[in-house]
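Trainee: Here is the input, now give the coordinates:
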Amino acid sequence: MPADNALPNFPPGAFAKEDPGDDADFYVEARLVTHIDDAAIAALTGFYRQALPPGGVVLDLMSSWVSHLPDEVAYGEVIGHGMNAEELAANPRLDRWFIQDLNQDPVLPLAEASLDAAMICVGVQYLQQPVAVLADIARVLRPGAPLVISFSNRCFPTKAVAVWRNSGPQSHTRLVDLYLRAAGFAAIEIHRLLDGRDSDPMTVVVGRT
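Mentor: From the prediction side, this is the model:
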């Protein structure tokens, strides 16, 4: 796949994957596991507790059977997105959910300015059109609403894009920052929740519309 059109300085192949097969085939089997360890989950949940508005409508993009939201916080609605129906159906925090391959179609089936927050947990590395996807998230967020993107050092390497696979943690942070700026986000914040010495590392990058 060529570089994202919004990132013209990236070389051809920057957003290619080792496994070019249909993502729907890769995700057809449910994986009812967590993709970060307990300490990283706890750190992310703590961040969500502060960053996501109670009572708000939130979108959990690239979700699965867990959303890592704080148990004691009630949200107006939690909308889930993912690639596996069994995983999403098993997630008790989701009020509704939908299946969509964002690498094929980056336009979300949601109304403009209808969300109070959105999050992508350990999934940004799989986006082949990251700026297009994030720009559409900006469309559906209300003014000032946060997009919380979190990542660690784990991934399915054959499905992560080349520019992510071939760079390290510091570069990953700069890359997400670049994606957000190119998609029109501002007031970008970087939070290194865990350094990885005693657990999985955890970094959060927040952009606001």
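
Trainee: where do the strands sit along this structure?
Mentor: 57-61, 77-82, 96-99, 117-121, 146-151, 186-194, 202-208 (DSSP state E).

Trainee: who wins for proximity to residue 109 among the ones you listed?
Mentor: Minimum separation from residue 109 across these (C-beta to C-beta) falls at strand 96-99, 6.3 Å. Yep, even glycine has a C-beta here, placed from its N, CA and C like the rest.

Trainee: so what strands line up beside the closest one?
Mentor: Sheet pairing of strand 96-99 (DSSP bridges) gives strand 77-82 (parallel).

Trainee: contacting residues around the partner strand?
Mentor: Strand 77-82 has contacts (C-beta atoms under 8 Å, 6 or more residues apart in numbering) with 27, 57-64, 67, 69, 88, 91, 93-100, 108, 110, 115.

Trainee: what's around residue 180, how many residues?
Mentor: Residue 180 has 26 neighbours, counted by other C-beta atoms under 10 Å.

Trainee: Show me the helices in the protein, by range?
Mentor: Secondary structure of the chain, counting by DSSP state H: helices at 23-26, 38-51, 85-89, 130-140, 162-165, 169-182.

Trainee: re the thing from before, deepest of the strands of the chain, which one?
Mentor: strand 117-121 (a mean of 26; mean count of other C-beta atoms under 10 Å).

Trainee: Walk me through which strands that strand pairs with, and which way each runs.
Mentor: When DSSP bridges is applied, strand 117-121 pairs with strand 57-61 (parallel), strand 146-151 (parallel).

Trainee: sorry, back to before: can you lay out the helices of the chain as JSON lines showing mean pLDDT and distance to residue 76?
Mentor: Converted to JSON lines, the helices of the chain look like this (pLDDT from 0 to 100; distance: least, C-beta to C-beta, whole Å):
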{"stretch": "helix 23-26", "mean pLDDT": "74", "distance to residue 76": "30"}
{"stretch": "helix 38-51", "mean pLDDT": "97", "distance to residue 76": "15"}
{"stretch": "helix 85-89", "mean pLDDT": "96", "distance to residue 76": "19"}
{"stretch": "helix 130-140", "mean pLDDT": "98", "distance to residue 76": "15"}
{"stretch": "helix 162-165", "mean pLDDT": "94", "distance to residue 76": "33"}
{"stretch": "helix 169-182", "mean pLDDT": "94", "distance to residue 76": "25"}
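
Trainee: Of all the ones you listed, which one comes closest to residue 12?
Mentor: Among those, helix 162-165 comes nearest to residue 12, with 10.1 Å by C-beta to C-beta.

Trainee: got JSON lines for the strands of the chain, with distance to residue 169 and mean pLDDT too?
Mentor: Converted to JSON lines, the strands of the chain look like this (distance: least, C-beta to C-beta, whole Å; pLDDT from 0 to 100):
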{"stretch": "strand 57-61", "distance to residue 169": "22", "mean pLDDT": "98"}
{"stretch": "strand 77-82", "distance to residue 169": "25", "mean pLDDT": "98"}
{"stretch": "strand 96-99", "distance to residue 169": "31", "mean pLDDT": "98"}
{"stretch": "strand 117-121", "distance to residue 169": "17", "mean pLDDT": "98"}
{"stretch": "strand 146-151", "distance to residue 169": "9", "mean pLDDT": "98"}
{"stretch": "strand 186-194", "distance to residue 169": "9", "mean pLDDT": "96"}
{"stretch": "strand 202-208", "distance to residue 169": "7", "mean pLDDT": "97"}
